[in-house]
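[1] What follows is a predicted protein model with its sequence.
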Amino acid sequence: MGYIKGHDRYQTTLFPETIDDYITENNQVRVIDVFIDSLNVVALGFTHAIPCNLGRPAYDPKDLLKLYLYGFLNRIRSSRRLEHEAIRNIEVIWLLKKLRPDFKTIADFRKDNKKALTKVFRDFTKLCDEWDLLGKELVAIDGSKYRAVNSRRNNFSKKKLDRHIQYINEKIEKYMDDLDAGDEAEKGDRKPDAEEIHKRIQELKARKEKYTGFKQQLEDSGQNEISTTDPDARLMCNNNNNVDVSYNVQTTVDGRHKLIADFKVTTKPNDLGELDNMALRVKKMYGKTFTVLADKGYYKATDLKRCVENGLTTYVTKQIFSNGTGDRDFYLDRFQYDKEKNVYLCPAGKELHYSKPRKSKGKVIGYDYNNFQACSNCTFKERCTKSKKGRVVCRHVDQDFLDQIDIQTEEHFETYKLRQMIVEHPFGTIKRGWGAYYFLTKGKNSVSAEIALAYLSYNFKRVLNILGAEEMIRRLKVRGELALV
């Protein structure tokens, strides 16, 4: 028995097939086509949204936006690869109606429409709200690091610059010694001649001048570090304890269908201080209060108080501070506070009494408690503290409020455990599933546009899985008809 045979490449058919015959009715490109066509690109602020009567005609921004959305949904983000897909991929050929924009046109579209791309993400979020896909009852907030277009080699801190400058000075001094010594010490191994040494010295001096300029730039700006390829990026530690030059993307995810409600790109290496900002942004969008879930990286009294003052219920796990010795039995959470006596009871059963307020920049941030006399005779002192005097415990000025948050989180811990399931879902899909764990663009504004495309694609895929292609197309057509009324 023979094999299944294909069609003869050189056979001419009397009635040629159309490209549309190759695209199934539930194919995602049909949904992309209807969705992008329903957008008001003029109101969103896209360049060339209104055709110009002069010069060479431009590409319709809707066509290029379709290409980008398709690319992100299929792990294709590079402008050069998107150019190639427009030639070889039958789905893209159908989507763009055989248009073949070059990679420069594709890249320029993203560069020239940074704000507009972010607005498309916001517009689709509003669409999800119109379709009642946002629960508006429970949201989870977290930050995730995305690697920037800047290697660690091209990131400098004052300490790193001092080390480089010291190394260059030592090398220059060594070369100067070689010049003085001449060729006397040469015993078989070839050493550079005077001309080569002078050339290397000049190269080292040029590098030293460059590093000195970076150092002066840090001093003038008051910043801790400088990145030469992407000036906005910063050195950050990710969850795997790897250090990379990255951006920290703060993300708010709705609990009902794990749809991304909001995001913000920051250059801060940690999440502290972002809870109230992100939560109140979503409150303004939702127009109502809800419950917020966040991990211990957001545990900051002022942020939590602001959330509570605005009617938001917050479940955030507390931070546990070590004692310096690393002995878990003597961490700060093992010291019990007696409110009536205003004392702390240590794990050894001794009372620590109030001693003085603790200040920072002239402001009281807490209150110190100690009992140095008891510590001096305590058998557990070496396990408890490295201080010669004894253990000092600081009670935060807002500790009573923080205790209420801790109790509230503990009582609703089953709800709090949903946090990871909600907020890690987008990160897993985008980073691991789509391979978009790094940025292709440079600068905070460009990076914001790129992550907006990634998050738009994620939400689009989620809604497509929830509603199905046919229902999503039907709803988009209804929306388009209503917009024309």
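    Yep, it's here.
[2] So which residues of the stretch 101-250 of the chain form helices?
    Assigned by DSSP state H, counting those that start in this stretch, the helices in the stretch 101-250 of the chain fall at 103-112, 114-130, 158-181, 194-221.
[3] Out of these, which one sits most buried?
    Ranked by average neighbour count under the criterion mean count of other Cβ atoms under 10 Å, those are headed by helix 114-130 at a mean of 18. C-betas here are computed from N, CA, C, even on glycine.
[4] what does it contact?
    Surrounding helix 114-130, the residues in contact under the criterion Cβ atoms under 8 Å, 6 or more residues apart in numbering are 35, 39, 41, 44-47, 61, 65, 110, 134, 259-263, 285, 445-446, 448-449, 452-453, 455-456, 459-460, 463, 479.
[5] Derive a ChimeraX selection command for the buried subset of the residues you listed.
    Entered in ChimeraX, the line below selects the buried ones among the contacts of helix 114-130, by 16 or more other Cβ atoms under 10 Å:
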select :35,39,41,44,46,61,65,110,134,259,260,261,262,263,285,446,448,449,452,453,455,456,459,460,463
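[6] Among the contacts of helix 114-130, which are located in strands?
    Of these, the ones assigned to strands by DSSP state E are Ile260, Ala261, Asp262, Phe263.
[7] can you list the weak-confidence ranges in the stretch 201-350 of the chain?
    239-240 (pLDDT under 70).
[8] where along it do the strands fall?
    225-227, 234-237, 243-254, 260-266, 291-294, 313-316, 336-338, 343-345 (DSSP state E, counting those that start in this stretch).
[9] related to what we said a few turns ago, out of the ones in strands among the contacts of helix 114-130, which comes closest to Ala194?
    Phe263 (59.3 Å; Cβ to Cβ).
[10] count of residues packed around the nearest residue to the closest one once chain neighbours are set aside?
    With sequence-adjacent residues excluded and distances taken as Cβ to Cβ, 6 or more residues apart in numbering, Phe263 is closest to Thr251, at 4.9 Å. Other residues near Thr251 come to 21 when the count uses other Cβ atoms under 10 Å.
[11] circling back: got JSON lines for the strands of the stretch 201-350 of the chain, with distance to Gly326 too?
    Conversion of the strands of the stretch 201-350 of the chain to JSON lines gives the following (distance: least, Cβ to Cβ, whole Å):
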{"stretch": "strand 225-227", "distance to Gly326": "29"}
{"stretch": "strand 234-237", "distance to Gly326": "20"}
{"stretch": "strand 243-254", "distance to Gly326": "22"}
{"stretch": "strand 260-266", "distance to Gly326": "31"}
{"stretch": "strand 291-294", "distance to Gly326": "27"}
{"stretch": "strand 313-316", "distance to Gly326": "25"}
{"stretch": "strand 336-338", "distance to Gly326": "21"}
{"stretch": "strand 343-345", "distance to Gly326": "20"}
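[12] So which of these is the most surrounded?
    Mean neighbours per residue, mean count of other Cβ under 10 Å, is largest over the strands of the stretch 201-350 of the chain for strand 291-294, with a mean of 25.
[13] Let's have the helices of the stretch 101-250 of the chain in CSV, adding distance to Asp232.
    Rendered in CSV, the data for the helices of the stretch 101-250 of the chain read as follows (distance: least, Cβ to Cβ, whole Å):
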stretch, distance to Asp232
helix 103-112, 15
helix 114-130, 13
helix 158-181, 19
helix 194-221, 13
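[14] just so I know, which of the ones you listed lies nearest Leu352?
    helix 158-181 (37.1 Å).
[15] Give me the residues contacting that closest one.
    Contacts made with helix 158-181 from outside it, assessed by Cβ under 8 Å, 6+ apart, are listed as 156, 191-192, 194, 197, 200-201, 204-205, 207-208, 211-212, 214-215, 218, 224.
[16] repeat that for 6 Å
    Ile197, Ile201, Leu204, Lys208, Tyr211, Phe214, Lys215, Leu218 (Cβ atoms under 6 Å, 6 or more residues apart in numbering).
[17] Quick check: Gly143 vs Ser157, distance?
    Taking Cβ to Cβ, to the nearest Å as the criterion, Gly143 is separated from Ser157 by 22 Å.
[18] which one of these two has more residues nearby?
    The neighbour comparison of Gly143 against Ser157 (other Cβ under 10 Å) goes to Gly143, with 26 against 16.
[19] thought the more buried one was touching Thr251?
    No. Applying Cβ atoms under 6 Å as the test, Gly143 and Thr251 come out as separate, 7.1 Å apart.
[20] Give me the common contacts of those two.
    Between them, Gly143 and Thr251 have no joint contacts when contacts are counted by Cβ under 6 Å, 6+ apart.
[21] Show me which pair in the ones in strands among the contacts of helix 114-130 is furthest apart.
    With distance counted by Cβ to Cβ, no two of the ones in strands among the contacts of helix 114-130 lie farther apart than Ala261 and Phe263, which are 8.5 Å apart.
[22] Please tell me how far the closest residue in space to Ile405 that isn't next to it in sequence sits from Asp406.
    Of all residues beyond its chain neighbours, the one nearest Ile405 is Leu304 (5.7 Å), with distances taken as Cβ to Cβ, 6+ apart. Plainly put, Leu304 is 10 Å away from Asp406 if you go by Cβ to Cβ.
[23] More neighbours: which of those two?
    Leu304 (24 against 16).
[24] Would you mind measuring from that one to Lys417?
    Relative to Lys417, and taking Cβ to Cβ, Leu304 is found at 19 Å.
[25] what sits against Asp254?
    Neighbours of Asp254 in contact, by Cβ under 6 Å, 6+ apart: Leu134, Gly135, Val139, Ala261.
[26] Any figure for the gap between Thr379 and Glu471?
    The spacing between Thr379 and Glu471, counted by Cβ to Cβ, is 71 Å.
[27] Check which helix or strand Lys388 maps to.
    Assignment of secondary structure by DSSP states H and E places Lys388 within no helix or strand.
[28] separation between it and Lys381?
    According to Cβ to Cβ, Lys388 stands 9 Å off from Lys381.
[29] again, but for Gly135
    Between Gly135 and Lys381 the computed distance is 52 Å (Cβ to Cβ).
[30] Those two: which is more packed in?
    A side-by-side neighbour count of Gly135 and Lys381, using other Cβ under 10 Å, places Lys381 first with 19 against 15.
[31] Identify the residue spatially nearest to that one, adjacent ones excluded.
    On the basis of Cβ to Cβ, 6+ apart, the spatially nearest residue to Lys381 that is not a chain neighbour turns out to be Cys375, at 5.7 Å.
[32] a helix runs through that neighbour, doesn't it?
    Yes. Assessed by DSSP: H, G, I helix; E, B strand; the rest coil, Cys375 belongs to a helix.
[33] Report the contact partners of it.
    Shown in contact with Cys375 (Cβ under 6 Å, 6+ apart): Lys381, Gly390, Arg391.
[34] what's the burial count for the nearest residue to Arg479 once chain neighbours are set aside?
    Sequence neighbours aside, Ser38 is the residue nearest to Arg479 in space, at 5.9 Å (criterion: Cβ to Cβ, 6+ apart). By other Cβ under 10 Å, 18 other residues sit near Ser38.
[35] now Glu219: how far from Ile226?
    Distance of Glu219 to Ile226, computed by Cβ to Cβ: 11 Å.
[36] quick one, phi/psi of Phe372?
    Listed backbone geometry of Phe372 is phi -60, psi -30, with angles given as degrees, to the nearest 10.
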